[in-house]
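In: everything below, folded, please.
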Amino acid sequence: MPVEASAPVQIEVQGLRKVFPLSTGGEFAALDDISLKIRKGEIYGIIGMSGAGKSTLIRCMNRLETPTDGRILIDGQDVLTMNEKQLNMMRRKVSMIFQQFNLQMQKTVGRNVRYPLEIAGVPKAKANQRVKELLKIVGLEAKEDAYPAQLSGGQKQRVAIARALASNPEVLLCDEATSALDPMTTQSILALLQDINKRLGITVVIITHEMAVIRQVCTRVAILDGGKIAEEGTVDEVFVHTRSAAGKRLFGIIADQETPREEMLHVPALRIVFDGSNAQKPIIASMIRESGADVNILSADIKRIGEKSYGQMLIEMPDDLEDRKKVTKYLEGQGLTVKEVYPQ
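Out: Numbers count the residues shown, from 1 in each chain. Coordinates of the predicted model:
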């Protein structure tokens, strides 16, 4: 369920810059004037191509990287002014999982999960009980005495998630947490993150270069390009109305862009935009039945995401003006965007 706009802002990034010196002289701005707000309880996605600055941004959030300029507020407290003790406390509240799991191979699953509890000085009996609770949450109750080498990639990531949850965090930062996994395992890890978000109310921030990850679990998304935010909004808004070049490269089927198929049109057409508001509806068949107008489909690029349809379709524009009005009226009545397009 989408987080309400009235939900409190948990993470706020203000004018963030991160500059790295170059060995040849000069400097490289990995992040340049980044500003965004992440609300409590949402699953927020940050997506971009390799080198866009995603990992640098998420590592700045818990100050594994120290920004050159700007502010990062977590529950109103500026991370960049914290001393070492305050940082340690903040990092218990803001946990992180990584692409390569970062497990201690010589320790059992149970000891890997218990490690942060030991560091925090939790009594052994209480820590052991907490480990069992965490392994149950991630579905690995039977693997407590196994070693990481005996686990699959997905199981290793589940152990890493359990370990990240040990300190009862309020935020979970995921740095390409599924990019080393196969598609089916990725689906199961994303479902687990959704469950943790809903069951425990934990805010989840996901860094990824994979659109499928954003589509499946995120409520809002920021597109990063060259260290800058190209655009930001709800997943539906950004997917359907992408205007940035980076967004168009990532999404590919954005409704507002002029496509090569439109440029190659030889007949007037109607472009129908499916923005996710329609679920399991045979729109075209119903339109033909309701309007009595036959149509010729010129092209279609539709994707199903969950129970929703996203993308666009081009149909040949009816010659008869009344038929055209009936078709347009029916489609708009179904909540679809309809636009007339003509040969170039």
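
In: strands of the stretch 1-150 of the chain, residue ranges please.
Out: Remark: strands assigned in the stretch 1-150 of the chain by DSSP state E, counting those that start in this stretch are 9-21, 27-39, 43-47, 69-74, 77-78, 94-98.

In: so what's residue 210 closest to, chain neighbours aside?
Out: When the adjacent residues along the chain are set aside, residue 210 lies closest to residue 179, with 6.9 Å between them (CB to CB, 6 or more residues apart in numbering). The C-beta positions use only the backbone N, C-alpha and C, and glycine is treated the same way.

In: number of residues surrounding the one you found?
Out: As a burial measure, residue 179 scores 14 neighbours (other CB atoms under 10 Å).

In: contacts only, for it.
Out: With CB atoms under 8 Å, 6 or more residues apart in numbering as the criterion, the residues that contact residue 179 are 99, 208-210.

In: residue contacts, residue 87?
Out: Residue 87 neighbours (CB under 8 Å, 6+ apart): 63, 79.

In: gap between it and residue 72?
Out: Note on residue 87: its distance to residue 72, by CB to CB, to the nearest Å, is 12 Å.

In: kindly report the same for residue 285.
Out: When CB to CB is applied, the distance between residue 285 and residue 72 equals 51 Å.

In: the two: which has the busier surroundings?
Out: The residue with more neighbours, out of residue 285 and residue 72, is residue 72; 22 against 9, by other CB under 10 Å.

In: my guess is the more buried one contacts residue 60. True?
Out: Yes - A contact is recorded between residue 72 and residue 60 when judged using CB atoms under 8 Å, the distance being 6.4 Å.

In: give the bridge partners for the spatially closest residue to residue 43 that is not a sequence neighbour, please.
Out: By the measure of CB to CB, 6+ apart, the closest residue to residue 43 outside its immediate chain neighbours is residue 204, 4.5 Å from it. Taking DSSP bridges as the rule, residue 204 bridges to residue 43, residue 172.

In: need the contact list for residue 204.
Out: Residue 204 touches 42-44, 171-172, 174, 193, 196-197, 217, counting by CB under 8 Å, 6+ apart.

In: and of those, the nearest to residue 77?
Out: Of all the contacts of residue 204, the one sitting nearest residue 77 is residue 171; the distance, using CB to CB, is 12.7 Å.

In: how would you label residue 298: helix, strand or coil?
Out: The three-state assignment at residue 298 reads strand, by DSSP: H, G, I helix; E, B strand; the rest coil.

In: need the overlap of contacts for residue 87 and residue 72.
Out: By the contact definition CB under 8 Å, 6+ apart, residue 87 and residue 72 are jointly contacted by 63, 79.

In: what's the burial count for the closest residue to residue 64 other than its chain neighbours?
Out: The shortest distance from residue 64 to any non-neighbouring residue, by CB to CB, 6+ apart, is to residue 96 (7.7 Å). Each residue near residue 96 was counted by other CB under 10 Å, and the total is 21.

In: who's in contact with residue 268?
Out: The neighbours of residue 268, taking CB under 8 Å, 6+ apart as the test, are 316-317, 340-343.

In: of these, which is the most crowded?
Out: These, ranked by neighbours (other CB under 10 Å): first place residue 317, 20 neighbours.

In: dihedrals phi and psi, the nearest residue to it once chain neighbours are set aside?
Out: Nearest residue to residue 317, sequence neighbours excluded (CB to CB, 6+ apart): residue 268, at 4.1 Å. The phi/psi pair for residue 268 (degrees, to the nearest 10) reads phi -60, psi 150.
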